[in-house]
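Student: Here's my sequence, what's the structure:
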Amino acid sequence: MQLKILQVNVDRRRNAHHLIQRVVLEEEIDIVLVQEPNKTIVSKDTKWIVGKSQNTAIWCKNKACGITGHETGNGFVNITFKDWSIYNCYISPDVEQRTYEKCVDRVMQHARQGGKEAIFAGDFNAKSTLWNSTTTDRRGEYLADWVQALNLTVENKGNIPTFVRGAQNSIIDITLSTQKMASKVTDWRVSTEESMSLHRHIFFKVQTVGKNRRKEGFVKCRIDKELLIDTSQLMGDNISTLQELNTALHDAQKAATSWGAREERREEPVWWNDTRQSQPQGKVQFTQEGADTGEKKTARSNRNIRLGGKI
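Tutor: Alright, predicted model coming up:
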């Protein structure tokens with residue numbers, strides 16, 4: 001089974017949030033990872049799993065993708081599968097360096113304790129040549145230390161900026177993966193299409209075990225009327241013929257429709273149950289391959305205590 005994933009910071013913007021519905025439809029997205037979501041939208045729509053600080057949210061469009069649980073924290077949302085997990089992360093550019101380091105530590109240590117292979121995606125507001133930024137700042141240095149400590153792979157490809165504001169641009173939206181997950185992550189790319197946000201859409205795929213299985217029977221569905229209206233207005237800007245109007249309304253209806261379980265399925269998927277605690281299954285041993293030299297080795301040694309001990 002191959003999961004298609006969309007990652008984007010929508011800057012709290014309503015239009016950027018609703019554009020996701022259209023992108024999910026067109027690109028056949030399975031999982032959406034949003035940073036700085038529109039708080040009104042995600043608080044009213046139960047399909048979103050929202051972080052404690054409402055800075056991150058995840059929408060699993062494909063209910064058959066194999067999610068076994070989820071956990072929310074300050075600055076991240078984590079969804080788990082049988083033997084791996086995804087962390088959707090956001091750290092504000094306004095926090096001081098020490099607070100930033102604590103936020104990074106919280107996510108990485110949670111992943112260690114969870115004992116699963118993992119993907120880390122989000123707006124880290126950090127610059128480093130490790131993910132093709134033109135410069136490296138203090139935040140980038142600290143995050144890069146964790147990348148080396150856990151032997152993570154940077155999935156970012158090329159030098160297309162992920163953040164653009166006028167003449168200012170940078171690469172601060174990052175995707176990282178543990179070594180075993182790195183071989184399963186493919187087709188990572190930054191879209192240059194309009195996102196209605198200062199951040200661009202990022203797409204990638206994850207190859208997993210298993211496949212979708214469809215069951216016979218009737219399916220219940222629900223149409224979000226407000227979303228239908230907003231999506232129709234969004235699609236209506238370039239309509240000039242009756243055929244284009246018909247197509248736009250049809251696409252808007254599909255984007256605003258959420259599908260429930262088939263009638264013969266009596267139980268909801270376990271990951272929808274907020275009271276269920278995901279159970280760690282085993283431990284993943286992270287190792288540092290290769291030799292560090294010079295200042296990087298010294299920096300890693302000095303940070304061993306803060307990073308939770310020797311790697």
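Student: Can you point out the buried residues in stretch 187-206?
Tutor: For stretch 187-206, burial by neighbour count (16 or more other Cβ atoms under 10 Å) applies to 188, 190-191, 195-206. (C-beta placed from N, C-alpha, C; glycine too.)
Student: Filter the residues you listed down to just the ones in helices.
Tutor: Taking DSSP state H, every one of those sits outside helices.
Student: Cross the residues you listed against strands and list the overlap.
Tutor: Judged by DSSP state E, strands contain the following of the buried residues of stretch 187-206: 188, 190, 202, 203, 204, 205, 206.
Student: ok, the closest residue to the last one other than its chain neighbours - contacts?
Tutor: To tie it back to what came earlier, the one meant is residue 206. Ranked by Cβ to Cβ, 6 or more residues apart in numbering and with sequence neighbours excluded, the top spatial neighbour of residue 206 is residue 3, at 4.6 Å. Neighbouring residues of residue 3 by Cβ atoms under 8 Å, 6 or more residues apart in numbering: 30, 31, 62, 65, 205, 206, 207, 208.
Student: For the buried ones among those residues, write the corresponding ChimeraX selection.
Tutor: The following ChimeraX line selects those of these that are buried, judged by 16+ other Cβ under 10 Å:
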select :30,31,62,65,205,206,208
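Student: quick one, phi/psi of the residue nearest to residue 206?
Tutor: Here is the backbone geometry of residue 3 (degrees, to the nearest 10): phi -100, psi 130.
Student: any idea how far it is from residue 149?
Tutor: 27 Å (Cβ to Cβ, to the nearest Å).
Student: How about residue 72?
Tutor: Taking Cβ to Cβ, one finds residue 72 at 25 Å from residue 149.
Student: so where's the stretch 151-300 of the chain shaky on pLDDT?
Tutor: Of all residues in the stretch 151-300 of the chain, those with pLDDT under 70 make up the ranges 209-300.
Student: run the last query once more with 90
Tutor: 208-300 (pLDDT under 90).
Student: Please name the nearest non-neighbouring residue to residue 83.
Tutor: Using Cβ to Cβ, 6+ apart, the nearest residue to residue 83 is residue 116, at 6.1 Å.
Student: since we're on the one you found, how many residues are nearby?
Tutor: Applying other Cβ atoms under 10 Å, we find 24 residues neighbouring residue 116.
Student: tell me the helices in the stretch 101-250 of the chain, going along the chain?
Tutor: 138-149, 179-182, 225-235, 242-256 (DSSP state H, counting those that start in this stretch).
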